[in-house]
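Asks: Sequence first, then the predicted structure, then my questions.
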Amino acid sequence: MVFALKNGVCGYAPNKPILKDINFDVSSGEVLCILGANGAGKSTLFKSMLGLIPILNGVLTVDNESIAGWSRAEIARTIGYIPQANNPPFSYSVLDVILMGRTAYLGLFASPKKEDEEIAEDAIRQLNISRLVDKRYQELSGGEKQLVLIARALAQLPKILIMDEPTAALDFGNQQMVLNQIHKLSQNGLSIIMASHFPDHAFLYSHKALLLKDGGIYSVGRPNDVITEESLRDLYAVETKIINTGIQPRYAATDASDIKICVPLS
Ligand SMILES: Nc1ncnc2c1ncn2[C@@H]1O[C@H](COP(=O)(O)OP(=O)(O)OP(=O)(O)O)[C@@H](O)[C@H]1O
């Protein structure tokens, strides 16, 4: 499966595009990391991909078929969205939150059936979070909530997962836990598109990086090719030294012979 945006123009009003000339594709098993300064347009791009705002121009395709005419439910059965962990206004059990992932498969007013429960249980197994199932969602830590939201998206049985800064507000250990899960999901064949504020995460976990600046794509390609001292200076106005650590990558996502890290100098 290949998910692509061709000649995309995204924004909130036709006469005021936020992003122009957006072209990228992501295949099954690939992780695409979107980088850009605050306000560069990452969330706007996500909202467009999810059909929350209409694409102003261009076409989103799955295997070369335009998804322009797809219903909300069809989009939800193909694309899962994982927001940043939040506190919902109501008290839900963890299992209820995960079962919400089945909404796109249920008729209006229908309750989850045995099959839906089995799919939710499968998502729980994949993420190894059965210890959380009997808790209230609000009682969980930020990292645990993020895992539950990933399980909810998995219960949608999507082919593509979109994640908006999945590690924001997580401590170092929880960041690694969530990123390791993302890596495993890509190995299971999911396409993953995630926004990040950490170029290091793109080196470690992604096959492709897409850099946004000035209302368009600054560059897109393999992280090793496009995340450079020059591009980080241009994107974030930060002088950075990129260092080869000599440590072999644990993940196939990176094509580097050793892991690179970004050290800010200014
Ligand atoms: N609902 C909206 N209506 C009009 N303009 C908006 C709306 N939401 C965001 N924008 C504008 O779109 C631009 C891109 O914002 P966006 O939230 O996509 O950036 P971002 O890269 O996700 O930023 P951050 O890293 O801070 O989350 C900004 O100039 C913002 O003011």
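Replies: Alright, I've got the coordinates.

Asks: Which residues of the protein lie near the ligand?
Replies: Within reach of the ligand by CB under 6 Å from any ligand atom, the chain has these residues: 12, 18, 36, 38, 39, 40, 41, 42, 43, 44. Where C-beta positions appear, they are placed from N, C-alpha and C, glycine not excepted.

Asks: between the residues you listed, which is closest to residue 116?
Replies: residue 43 (29.8 Å; CB to CB).

Asks: Name the helix or strand for the closest one, please.
Replies: Following DSSP states H and E, the helix or strand that holds residue 43 is helix 42-49.

Asks: contact partners of that helix?
Replies: Residues outside helix 42-49 that contact it (CB atoms under 8 Å, 6 or more residues apart in numbering): 5, 8, 10-12, 18-19, 22, 34, 36, 53-55, 60, 79, 81, 162, 164, 193, 195, 212.

Asks: Flag every buried residue along the following helix or strand past it.
Replies: Counting by DSSP H and E, the element after helix 42-49 in chain order, helix or strand, is strand 57-62. For strand 57-62, a neighbour-count test (16 or more other CB atoms under 10 Å) marks 58, 60, 61, 62 as buried.

Asks: For the biggest helix by length in the chain, C-alpha coordinates in PDB please.
Replies: If you go by DSSP state H, the chain has its longest helix at helix 172-187. Provided in PDB are the C-alpha atoms of helix 172-187 (Å, rounded to 0.1, in the frame of the first residue of the first chain):
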ATOM      1  CA  PHE A 172      12.800   9.900  28.600                       C
ATOM      2  CA  GLY A 173      11.700   6.400  29.500                       C
ATOM      3  CA  ASN A 174       8.200   6.800  28.200                       C
ATOM      4  CA  GLN A 175       9.500   8.400  25.000                       C
ATOM      5  CA  GLN A 176      11.600   5.300  24.300                       C
ATOM      6  CA  MET A 177       8.700   3.000  25.100                       C
ATOM      7  CA  VAL A 178       6.300   4.800  22.700                       C
ATOM      8  CA  LEU A 179       9.000   5.100  20.000                       C
ATOM      9  CA  ASN A 180       9.800   1.400  20.300                       C
ATOM     10  CA  GLN A 181       6.100   0.500  19.900                       C
ATOM     11  CA  ILE A 182       6.000   2.800  16.800                       C
ATOM     12  CA  HIS A 183       8.900   0.900  15.400                       C
ATOM     13  CA  LYS A 184       7.300  -2.500  16.000                       C
ATOM     14  CA  LEU A 185       4.100  -1.300  14.400                       C
ATOM     15  CA  SER A 186       6.000  -0.300  11.300                       C
ATOM     16  CA  GLN A 187       7.600  -3.700  11.200                       C
END
